[in-house]
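J.: everything below, folded, please.
(one chain, ligands or ions: 2)
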Amino acid sequence: MNDFQYYSPTKFIFGAQAADSVGVTLAQMGFSRPLVVYGQGSVVRSGLLDRVEASLIQAGLEPASLGGIRPNPEVASVREGIAQARTHGADVILAVGGGSVIDAAKAIGFGVPYSGDVWDFFDRKAKPTVCVPIACVLTIPAAGSEASASCVISNDALGMKRGAGSDCFRPVVAFMDPTLTYTLPPYQTAAGLTDMMAHILERYFSGYGEVTVTDNIAIGLMKTLITHGPIALAEPENYQARANIMWTGMLAHNDLAGCGRSVVSGGRPGGWESHALEHELSALNPQITHGAGLAVVMPAWMRYVCHRDPARFARLGQDLFGLEYPTQAQGSGQNPDQALLDAALKAISALQAFFVSLGMPTSLSELGIQEQDIPRLVDGVLASKGDPFGVFMPLTGTDARAIYLSCL
Ligand code: NZQ
Ligand code: ZN
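T.: Ligands and ions are numbered 1, 2, ... in the order given. Alright, predicted model coming up:
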């Protein structure tokens with residue numbers, strides 16, 4: 001187990017009706033002028049926005065609001081939010097929605113005290129250190145932004161999607177009501193499940209050896225998703241399934257599932273290779289859902305790199321899917337390295353079959369990506385992550401191209 005720091009300062013208010021306590025809770029925390037940020041209409045249609053605003057007003061707060069944040073949020077809406085938060089004198093940014101809305105709220109929060117353009121933070125010209133406090137009412141378990149130190153924003157003019165990281169914008173409070181997720185379309189439920197699996201697996205395949213406690217947490221979280229994901233899809237209003245999934249989504253990405261797994265002492269566990277490969281897909285086409293992109297590129301990345309440590313993949317297959325872990329039986333005549341590699345490939349296929357069973361795609365072409373797009377995707381990955389990039393196995397542009405081609 002390598003050295004690590006673990007910081008998860010968010011207060012969680014979890015349960016049916018959690019959203020009705022937003023006003024009282026924010027007032028108790030000393031806030032009075034929230035900027036409420038929301039997406040493209042789901043919270044209007046469900047009545048959640050009205051409930052939250054009523055709760056704020058009843059508690060004596062004075063909200064302003066900004067709607068229309070799209071999935072894969074665009075920097076223009078962040079700039080609009082920064083201007084509005086300044087005019088309003090917002091002392092908390094309250095996101096009501098999913099990862100896209102929460103990330104827009106975060107960028108607004110650290111953009112407000114900054115005198116330059118907010119894109120500087122995503123262009124590595126500035127690092128977020130101060131932020132207007134962030135609160136959120138989560139409506140889709142997926143990105144884990146409700147407790148994460150990450151914020152991902154797109155810039156259509158530059159054709160980029162970039163992340164910024166800092167503890168300063170981890171939400172101070174997250175309201176998590178599983179019944180709010182009953183209205184999720186199956187595709188979004190499935191993409192969310194895939195994203196959560198990916199957040200755990202990026203850490204699981206960090207390049208570090210075994211860390212028993214963290215590995216067991218990771219396996220437990222993934223088993224929870226494998227159990228409850230299909231139930232939520234079959235019975236969208238199954239509270240136990242939705243609740244287990246919602247809490248797992250937070251645990252998948254608040255860093256608990258990576259403690260001690262960084263190859264660099266005190267560093268971030270994992271090279272986040274699949275996320276790097278996916279973010280270029282949704283930068284190229286903002287209609288692509290993050291989790292769906294991951295369902296395609298993550299198995300492709302795994303097949304490309306698993307020869308580096310096939311035992312780790314074979315162990316995953318055994319722990320997660322009950323597959324056989326090859327024993328080195330004397331006189332079996334089988335090459336033990338080949339047996340491990342075969343087991344690794346079976347584990348990856350089982351994982352991909354799970355994504356498919358949820359309704360996720362297996363190829364880039366299903367997402368509308370063509371071979372001629374690949375050079376641009378590769379350039380984007382290298383510009384964003386460096387050359388080479390990745391930790392489990394350092395990858396060059398040639399490797400990235402091969403991975404994209406393998407799942408075309
Ligand atoms: O915009 P509305 O109308 O609200 O509809 C949304 C959106 O179309 C809809 N939706 C959300 N809750 C709903 C609902 N529809 C019906 N009922 C509900 N209860 O679902 C669609 C997707 O929402 P979005 O917020 O985009 O989903 P998600 O949480 O998956 O967020 C994706 C974004 O987060 C980034 C992704 O790259 C992407 O930009 N990520 C952020 C991370 C972080 N901050 O830590 C980490 C992740 O790896 C990820 O990169
Ligand atoms: Zn993700």
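
J.: near ligand 1, which residues of the stretch 301-408 of the chain?
T.: Neighbours of ligand 1 within the stretch 301-408 of the chain, by Cβ under 6 Å from any ligand atom: none found. Backbone N, C-alpha and C define where each C-beta goes, glycine included.

J.: wait, is His228 part of a strand?
T.: No. Read with DSSP: H, G, I helix; E, B strand; the rest coil, His228 is helix and lies in no strand.

J.: how many neighbours does it have?
T.: By other Cβ atoms under 10 Å, the residues close to His228 number 20.

J.: for it, list the residues it contacts.
T.: Residues in contact with His228, defined by Cβ atoms under 8 Å, 6 or more residues apart in numbering, are 240-241, 244-245, 248.

J.: any low-confidence regions in the stretch 251-400 of the chain?
T.: 329-332 (pLDDT under 70).

J.: relative to ligand 1, which residue of it is the closest?
T.: At 3.9 Å from ligand 1, His290 is the closest residue in the stretch 251-400 of the chain, using Cβ to the nearest ligand atom.

J.: these two touch, right, that residue and Glu278?
T.: Yes. Shown here, His290 and Glu278 form a contact pair, counting by Cβ atoms under 8 Å, at 6.3 Å.

J.: just to revisit the earlier point, what's the PyMOL line that selects buried ones from the contacts of His228?
T.: Listed next is the PyMOL selection for buried residues among the contacts of His228, using 16 or more other Cβ atoms under 10 Å:
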select buried, resi 241+244+245+248
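
J.: hang on, the earlier thing: so what's the backbone phi/psi at the residue of the stretch 251-400 of the chain closest to ligand 1?
T.: The phi and psi torsions at His290 (degrees, to the nearest 10) take the values phi -50, psi -50.

J.: and if you look at Phe175?
T.: Dihedral angles (degrees, to the nearest 10) for Phe175: phi -100, psi 120.

J.: gap between it and Val37?
T.: 14 Å (Cβ to Cβ, to the nearest Å).

J.: and the two? Which one has more around it.
T.: Under the criterion of other Cβ under 10 Å, the comparison of Phe175 against Val37 puts Val37 first, with 34 against 28.

J.: where does that one sit, in terms of helix or strand?
T.: Per DSSP states H and E, Val37 falls inside strand 34-38.

J.: is that strand up against ligand 1 anywhere?
T.: No. Residues of strand 34-38 are not located near ligand 1 by Cβ under 6 Å from any ligand atom, the shortest gap being 6.6 Å.

J.: tell me which residues of the next helix or strand after that strand are tucked away?
T.: Later in the chain than strand 34-38, the nearest helix or strand by DSSP H and E is helix 42-45. The neighbour-count check on helix 42-45 (16+ other Cβ under 10 Å) flags 42-43 as buried.

J.: specify the local secondary structure of the residue lying closest to Leu320 once chain neighbours are set aside.
T.: Of all residues not flanking Leu320 in the chain, Met222 sits nearest, at 5.8 Å (Cβ to Cβ, 6 or more residues apart in numbering). The three-state assignment at Met222 reads helix, by three-state DSSP.

J.: from what I see, Met222 and Gly317 are in contact.
T.: No. Counting by Cβ under 8 Å, Met222 stays clear of Gly317, with 11.9 Å between them.

J.: those two: which is more packed in?
T.: Applying other Cβ under 10 Å to Met222 and Gly317 shows that Met222 carries more neighbours, namely 24 against 21.

J.: residues in contact with that one?
T.: 197, 200-201, 320.

J.: including secondary structure and neighbour count, could these go into a markdown table?
T.: Shown next, in a markdown table, are the contacts of Met222 (DSSP: H, G, I helix; E, B strand; the rest coil; neighbours: other Cβ atoms under 10 Å):
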| residue | secondary structure | neighbour count |
| --- | --- | --- |
| Met197 | helix | 27 |
| Ile200 | helix | 25 |
| Leu201 | helix | 23 |
| Leu320 | helix | 20 |
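
J.: quick one: which of those residues is nearest to Asp215?
T.: Relative to Asp215, the closest of the contacts of Met222 is Ile200; by Cβ to Cβ it sits at 10.3 Å.

J.: quick check, pLDDT for that closest one.
T.: Looking at Ile200, its pLDDT is 98.

J.: any idea how far it is from Leu281?
T.: 21 Å.

J.: likewise Val152?
T.: Applying Cβ to Cβ to Val152 and Leu281 gives a distance of 13 Å.

J.: and for Thr181?
T.: From Thr181 to Leu281 the distance is 25 Å (Cβ to Cβ).

J.: again, but for Leu61
T.: Leu61 is 39 Å from Leu281, by Cβ to Cβ.

J.: comparing the two, which shows the higher neighbour count?
T.: Neighbour totals were compared for Leu61 and Leu281, and Leu281 leads with 26 against 22 (other Cβ under 10 Å).

J.: let me see the contact set for the more buried one.
T.: 288, 293, 296-297, 364, 367, 369, 377.

J.: give the closest residue to the residue nearest the centre of the chain in space, chain neighbours not counted.
T.: Nearest to the geometric centre of the chain sits Ala143, at 3.0 Å (Cα atoms, centre = their mean). What sits nearest to Ala143 in space, not counting adjacent residues and going by Cβ to Cβ, 6+ apart, is Gly99, at 2.5 Å.

J.: the one you found: what's it in contact with?
T.: Going by Cβ under 8 Å, 6+ apart, Gly99 touches 140, 142-145, 152, 290.

J.: out of those, the closest to Gly30 would be?
T.: Ser145 (23.2 Å).

J.: how about the nearest residue to Ile348, chain neighbours excluded?
T.: Nearest one to Ile348, counting by Cβ to Cβ, 6+ apart, is Met302 at 4.6 Å.

J.: can you tell me the SS state at that neighbour?
T.: Met302 is classified as helix under three-state DSSP.

J.: give me the neighbour count for it.
T.: 24.

J.: surely it touches Pro310?
T.: No. Contact between Met302 and Pro310 fails when scored by Cβ under 8 Å: they sit 10.7 Å apart.

J.: now stretch 366-373: buried residues?
T.: 367, 369, 373.

J.: mind putting those residues into CSV with secondary structure and distance to Phe169?
T.: Formatted as CSV, these follow (DSSP: H, G, I helix; E, B strand; the rest coil; distance: Cβ to Cβ, whole Å):
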residue, secondary structure, distance to Phe169
Leu367, helix, 30
Ile369, coil, 31
Asp373, helix, 32
